[in-house]
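Asks: using only what follows, build the 3D model:
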Amino acid sequence: MRVDADNNAYPDLEQYRSYLKLLADLQLNPQLKAKEDATGIVQQTMLEAHRDFGGFHGKTDAELRAWLKTILTNNLLTVARHYRRDKRAAEREVSLQDQLEQSSALLHRQLVADQTSNTPSNRIAITLDRTTLVISNFSYG
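Replies: As a prediction, this is how the structure comes out:
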C-alpha cells in the first residue's frame, strides 16, 4: 500500500502490470499485433487506473483486478474500433518494402522484355496498389 499526501492509502498498481500485459497479449487480435503493441495498451491502462483510482470502490484484490481488467478491455476495444473505423484490414496490408520490391521486379521484367524485343518503349507503367506511376519518354543508353 502507498499513502498519498492526504494520508489516503491506495495499492501499488505497478504490481499488476505483468498481469495486465499477459491479458493484453492473450486478448489483442493477432492481426492488430503488427500495428499495436500490448505494452502500450497496458501503459494506457495504468495511466487511466492511476487517474481514476478515486472512483474505485472495491475492497478486495479480486475486485481491483476486475476493475483493471475492465479498463484494459475497454482500451483493447478502442484499438480494435480505431482500425475498423479506418477500414484498414491488417491482413490485406503490404509493407512498403514489399511494394518497392514488387515494383522493382515488375520494372526489371518490363525492361528486359523491351530489350529483347528490340523495340524501345516510350512508356513504362509501374503499378503500386491502386497508384500508377508512368515514366514518359524513356530511352535506352
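Asks: contacts and neighbour counts: CA atoms only from here.
Replies: Noted.
Asks: where is the longest helix in the chain?
Replies: Longest helix in the chain by number of residues, with DSSP state H as the criterion: helix 61-85.
Asks: name the helices or strands packed onto the next helix or strand after that one?
Replies: Next helix or strand after helix 61-85 toward the C-terminus (DSSP states H and E): helix 96-116. Applying 3 or more Cα pairs under 8 Å, 6 or more residues apart in numbering; DSSP states H and E, we find helix 96-116 packed against strand 123-128.
Asks: quick one: average confidence on the longest helix of the chain?
Replies: Mean per-residue pLDDT for helix 61-85: 92.
Asks: list the buried residues in it.
Replies: By neighbour count on 16 or more other Cα atoms under 10 Å, the buried set for helix 61-85 is 64, 65, 67, 68, 69, 71, 72, 73, 75, 76, 79.
Asks: roughly how far apart are the fifth one and residue 102?
Replies: The spacing between residue 69 and residue 102, counted by Cα to Cα, to the nearest Å, is 43 Å.
Asks: my read: residue 69 touches residue 19, true?
Replies: No: counting by Cα atoms under 8 Å, residue 19 is not a contact partner of residue 69; they are 9.2 Å apart.
Asks: need the contact list for residue 49.
Replies: Taking Cα atoms under 8 Å, 6 or more residues apart in numbering, we find residue 49 in contact with 13, 68, 71.
Asks: what's the helix or strand for it?
Replies: For residue 49, the host element (DSSP H and E) is helix 38-52.
Asks: same question, residue 57
Replies: Using DSSP H and E, residue 57 maps to neither a helix nor a strand.
Asks: got the phi and psi for it?
Replies: For residue 57, the backbone dihedrals (degrees, to the nearest 10) come out as phi -120, psi 10.
Asks: and what of residue 36?
Replies: Main-chain torsions, residue 36, degrees, to the nearest 10: phi -130, psi 140.
Asks: picking up where we left off before, pick the one among the contacts of residue 49 closest to residue 38.
Replies: residue 71 (13.7 Å; Cα to Cα).
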